[in-house]
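Engineer: Quick one, structure for this:
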Amino acid sequence: MKKSVFIIDRLAAIIAAIILLQTLYFKFTAHPDSVYIFSKMGVEPWGRILLGCLELTTAILLLYPKTALYGSVLGAGVISGAIVSHIFILGIVVQNDHGKLFGLALSVFICCLIILFIRRLDLLSLIKRAASLK
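Structural biologist: Numbers count the residues shown, from 1 in each chain. Take a look at the predicted model:
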C-alpha cells in the first residue's frame, strides 16, 4: 500500500473510531438524549447497551491496522442501522440537534466505505474464504 493511501486509510479509521468512542459516553451513562433515542425505537435499555458494545468493538478494530478491515465491515453495518433509524424513525434532527447525530453517522459510514474501498482486494479475499467454508 502506498504511503499516501496508507495515511488516508489510517485517517479514515481514526476519524470513525473517535466519533464512535465519543458517543459511547452517552450510551453507557444512560444520558437522557441516548435514552430518548433508544426508547423511541423501542429497544431501551438493551439496544443502547448492545449498540455501545458493538461500537466499542468497531472502534478498537478500526484503530489496529491489521483488523481495520473487520472494523470497517462491522462499522458500515452498525452505522447503516443508525442511518436507517434516522431516516425512518427518529428523523434527521433529533431533539433540536440540527442533524448533528445524523451527520456523525454519515461521517462514520463514509470513513468505513473509504477503508473498504482501499482494502477491497482484502475484502474480496475474505469473502472468497468465507464462501469456501460453506
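
Engineer: Could I get the buried residue list for stretch 118-127?
Structural biologist: Of all the residues in stretch 118-127, those buried under the rule 16 or more other CB atoms under 10 Å are 118-119, 123. Every residue, glycine included, has its C-beta placed from N, CA and C.

Engineer: cool, and stretch 42-50?
Structural biologist: Within stretch 42-50, the residues scored as buried using 16+ other CB under 10 Å are 44, 47-48.

Engineer: Can you flag which of the residues you listed belong to helices?
Structural biologist: Applying DSSP state H to the buried residues of stretch 42-50, the entries found in helices are 47-48.

Engineer: could the buried residues of stretch 42-50 go into CSV alongside pLDDT and distance to residue 59?
Structural biologist: Formatted as CSV, the buried residues of stretch 42-50 follow (pLDDT from 0 to 100; distance: CB to CB, whole Å):
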residue, pLDDT, distance to residue 59
44, 95, 22
47, 96, 18
48, 96, 16
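
Engineer: Check the average confidence over the longest helix along the chain, would you?
Structural biologist: Of all segments of type helix in the chain, defined using DSSP H, the longest is helix 3-28. Across helix 3-28, pLDDT averages out at 97.

Engineer: packing partners for it?
Structural biologist: If contacts are counted by 3 or more CB pairs under 8 Å, 6 or more residues apart in numbering; DSSP states H and E, helix 3-28 sits against helix 32-40, helix 46-63, helix 68-85, helix 100-118.

Engineer: Give me the local confidence score for residue 80.
Structural biologist: Value for residue 80, per-residue pLDDT: 97.

Engineer: what's the neighbour count on the closest residue to it other than its chain neighbours?
Structural biologist: Distances taken as CB to CB, 6 or more residues apart in numbering put residue 109 closest to residue 80, at 6.8 Å, once the chain neighbours are dropped. Residue 109 has 19 neighbours, counted by other CB atoms under 10 Å.

Engineer: Nice, that's everything, thank you.
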